[in-house]
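Q: only geometry, no sequence info:
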């Protein structure tokens, strides 16, 4: 682990919860002196206390260790606010309907920021009856390829995984689609509004 919870993070999160050092200590069964030492940088919580500490502070262990408390402001779970996360180790693709703390292969993943499709990643959309036929004129080699395409509407996400040396195409039901996304393993996430 290259990061560990700091006293400044503990203090910030404790104060955000309007909790005293004594109240926090009571919740995790340690002395208030221990909490004080953590917050002043004179010590660190034992690894066995990380999970109870995160629970007492109302955040996940990943958030506690990263020093960030991420809250999904997308309370209505509006699918149009979908975020994608890709693991650089195993290639896993995770989709969430808003901000999330996502971890894979021991790495906390940042949400991909979609860019407008550029001249090297032109997303072509043809209508074929009740479907969009989406293509991208892009290399599909093992080292450089489009990894996935997704169609996002206000109520669902349609996802197509693509593979090297395969066609760079996907079909999506038209069904109120608002955005088409494509992820290039070298250049990131691209998007076009339908």
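A: Structure's in. What do you need? This one's a predicted model, so the numbers in the text were calculated from it and none came from an experiment.
Q: For the residue lying farthest from the centre of the chain, give its distance to residue 192.
A: Using CA atoms, centre = their mean, the residue of the chain lying farthest from its centre is residue 33. It sits 36.1 Å away. For residue 33, the distance to residue 192 (CB to CB, to the nearest Å) stands at 58 Å. Backbone N, C-alpha and C define where each C-beta goes, glycine included.
Q: ok, now residue 178?
A: 10 Å.
Q: who's more crowded, those two?
A: residue 192 (17 against 12; other CB atoms under 10 Å).
Q: So which helix or strand of the protein has the lowest pLDDT on average?
A: Lowest mean confidence among the helices and strands of the chain (mean pLDDT, DSSP states H and E): helix 61-66, at a mean of 76.
Q: Given the helix or strand that that one is followed by, what are its sheet partners and their directions?
A: Downstream of helix 61-66, the first helix or strand assigned by DSSP states H and E is strand 83-86. Using DSSP bridges, the strands paired with strand 83-86 are strand 93-96 (antiparallel).
Q: and the most centrally placed residue in the chain, what is it in contact with?
A: Against the mean C-alpha coordinate of the chain, by CA atoms, centre = their mean, the closest residue is residue 111 at 4.1 Å. For residue 111, the contact set (CB atoms under 8 Å, 6 or more residues apart in numbering) comprises 83, 84, 85, 96, 99, 100, 102.
Q: re the thing from before, how about the helix or strand hosting the residue farthest from the centre of the chain, which residues are buried there?
A: Assigned by DSSP H and E, residue 33 belongs to helix 32-39. By 16 or more other CB atoms under 10 Å, the buried positions in helix 32-39 come out as 34, 35, 36, 37, 38, 39.
Q: What of stretch 101-121?
A: 101, 102, 103, 104, 108, 109, 111, 112, 114, 117, 121.
Q: and those residues, which of them are in strands?
A: Those of the buried residues of stretch 101-121 mapping onto strands are 102, 103, 104, 108, 109, per DSSP state E.
Q: Just list whatever residues bridge to the second one.
A: Applying DSSP bridges to residue 103 yields these beta-bridge partners: residue 108.
Q: Test my guess that it contacts residue 60.
A: No: Residue 103 is beyond contact range of residue 60, at 9.1 Å (criterion: CB atoms under 8 Å).
Q: That concludes my questions; thank you for your assistance.
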